[in-house]
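> my questions are about this predicted structure, shown below with the sequence.
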Amino acid sequence: LWRRPADAGDGDALEEVLGARAGTLDRFDRVQLAEVIRACRRARSLSEAGRELFAVSRTRKRTTNDADRLAKYLATHGLDWEAVRAAGSETRDARP
């Protein structure tokens, strides 16, 4: 009957990765960063996550370096691939 909004779990992922800094982000940034975190956690590599996230814009570029684009985006939030993947891995590993 009642369903959670699609972004209801976003705060959990953001808090796992950013800690208290998650509360300092605007809603716009929270939604965007939460989707990036989900893509990174689904992917096996930074390049794979970048290809998923930049699937449309990469077709317009002469050279694509999706991993570099993603790494730079993560860095704007003080993050890197390892931090995003490591944070919350205990939670993912415990799922049935």
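Yep, it's here. Numbering: from 1, shown residues only.

> which residues touch the nearest residue to residue 73 once chain neighbours are set aside?
Spatially, and ignoring its direct neighbours in sequence, residue 73 is nearest to residue 36 (6.7 Å; Cβ to Cβ, 6 or more residues apart in numbering). To be clear about C-beta, it is placed using only N, CA and C from the backbone, and glycine gets the same treatment. For residue 36, the contact set (Cβ atoms under 8 Å, 6 or more residues apart in numbering) comprises 49, 53, 70, 73, 74, 84.

> could you identify the most distant pair in the residues you listed?
Within these, 53 and 84 form the most distant pair, 12.3 Å apart (Cβ to Cβ).

> for the two, indicate the residue with more neighbours.
Shown here are residue 53 and residue 84; by other Cβ atoms under 10 Å, residue 84 has more neighbours (26 against 19).

> and that one, how far from residue 56?
According to Cβ to Cβ, to the nearest Å, residue 84 stands 22 Å off from residue 56.

> give me the neighbour count for residue 81.
So residue 81, with other Cβ under 10 Å, has 16 neighbours.

> residue 74 is in contact with that one, correct?
Yes - Residue 81 lies in contact with residue 74 (Cβ atoms under 8 Å); the separation is 6.9 Å.
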